[in-house]
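In: I'll drop the sequence and a predicted model, then ask my questions.
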Amino acid sequence: MSVLIEAIFIGAMMIAAIFAGSNAWSAEANGLVETKGEITLVVRPAVNLDPAGEASSSELSLLDIVDSATIPANERELINRHLKAVTLTDRPKTGEERTFTQDGLEAIVGEASRRLETAGFTVEWKIPSRSRIVTKTAYSRESVLRAVQAELVKSCVGCEVIIRRLDLPNVNVMKVQSWRLSPRGDRPRGSFAMPIEIDGKNLLVSGVVEFYADVAVAARAIQGGEKISAADVKTERRNITYALDTGARVEDFDGTVAARNLSTGEPVWKSNLRREQLLRFGDPVRVMAGGETWSVFADGVAQGPASIGDSVRVKVGKTQKLVSGVLKEKGLVEIQ
């Protein structure tokens, strides 16, 4: 008898389980989801990511920028899973930054809201006007030196940058939570002072820097007004820290002459060159006027100096009428 009663009990339990599963399926099929309550999720205005996270994920998710303190502890695992499923962009590398506006984030959180509402939550979002995400770097002399070096390289493309001295602001290194440089972008001449934000405070990191680059130098003594070709210069590594001009390139020598005397070994800057004057006052010229299918020529006399592409006035023929045109080549002025 006891065996029969036990068998009946087990059978009843199985039937109850089947009905329970059927009811659960029916509720899900009819959109009946258990209501879990209202939650408020807050997007942080500033986020410092742990560099260790780069190894675990290459993507930045909504979970990374939501304040975990606003998530109910008893539902945190489920909510985090839904937030992590919403990808924002690629994860910033160490020293990089990602910025999101309020409008941009409002469009993104809609997907997370739909996921959470399906799970039974009613969601309210609090989104700042701007959210800045950086992968933090430990504050140390070495890390600041690397960051300053990288910024100075940007200010002088192709240059070798040597920092001779670096002075950090007086702060407690052990207590620094976040920091970032705010470079101005211009190339310093020797001494520099670069803004640095440390835990929200605007400070300065200063020092002394030298820039070295390959520049053209005169391979021989060159007279002012003399035409320069690529054969007249050679390339040498020079300290350009205090240079106020840009070094001349090979293509800059086309149609130019030396603006002044240059000694052997002297750097050739762009300001040392000027366009070659092919026309002087009183030089005879041919004046051309015409259209696509016809041209008319006349003789004239230049009324001023000009280089190729310059505008020049010309007296034409016996009438001595003044016309203006552009010097197209030596001895030829085109009226446009």
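Out: Yes, it's here.

In: find the nearest non-adjacent residue to residue 111, please.
Out: For residue 111, ignoring the flanking residues on the chain, the nearest one in space by Cβ to Cβ, 6 or more residues apart in numbering is residue 86 at 5.2 Å. Every C-beta, even on glycine, is put in place using the N, C-alpha and C of the backbone.

In: might one say that that neighbour is in contact with residue 64?
Out: No - between residue 86 and residue 64 there is no contact under Cβ atoms under 8 Å: 10.3 Å.

In: show me this structure divided up by domain.
Out: Domain ranges of the chain: 32-135, 156-275, 277-334, per automatic domain parsing.

In: right, and these - which one's nearest residue 150?
Out: Residue 150 lies closest to domain 32-135 among the domains of the chain, at 7.7 Å (Cβ to Cβ).

In: pLDDT (mean, whole number) over whatever helix or strand residue 193 lives in?
Out: If you go by DSSP states H and E, residue 193 is part of strand 191-198. If you average the pLDDT over strand 191-198, you get 93.

In: show me what it is packed against.
Out: helix 141-155, strand 179-181, strand 201-218 (3 or more Cβ pairs under 8 Å, 6 or more residues apart in numbering; DSSP states H and E).

In: out of those, which is closest to residue 304?
Out: Nearest of the helices and strands packed on strand 191-198 to residue 304, taken as Cβ to Cβ: strand 201-218 at 30.7 Å.

In: and the angle from that closest one to strand 191-198?
Out: 150 degrees (axes from the mean of the first three to the mean of the last three Cα atoms, to 10 degrees).

In: would you mark the buried spots in strand 201-218?
Out: Across strand 201-218, burial judged by 16 or more other Cβ atoms under 10 Å covers 205-207, 209, 211, 213, 215-218.

In: contacting residues around residue 249?
Out: When contacts are counted by Cβ atoms under 8 Å, 6 or more residues apart in numbering, residue 249 is found next to residue 216.

In: now do it against residue 228, distance only.
Out: Counting by Cβ to Cβ, to the nearest Å, the gap from residue 249 to residue 228 is 12 Å.

In: can you check residue 119 too?
Out: Residue 119 is 75 Å from residue 228, by Cβ to Cβ.

In: repeat that for residue 96.
Out: 44 Å.

In: pick out whichever of the two has more residues nearby.
Out: residue 228 (22 against 12; other Cβ atoms under 10 Å).

In: residues near residue 299, how many?
Out: Residue 299: 13 neighbours (other Cβ under 10 Å).

In: what of residue 38?
Out: Residues near residue 38, counting by other Cβ under 10 Å: 9.

In: per-residue pLDDT, it?
Out: Note on residue 38: pLDDT of 88.

In: doesn't residue 121 make contact with it?
Out: Yes - the criterion here is Cβ under 8 Å, and residue 38 meets it with residue 121 at 7.5 Å.

In: any low-confidence regions in the stretch 51-200 of the chain?
Out: 51-56, 94-95 (pLDDT under 70).

In: helices of that one, start to end?
Out: With DSSP state H, counting those that start in this stretch as the criterion, the stretch 51-200 of the chain has helices at 53-56, 76-84, 102-118, 141-155.
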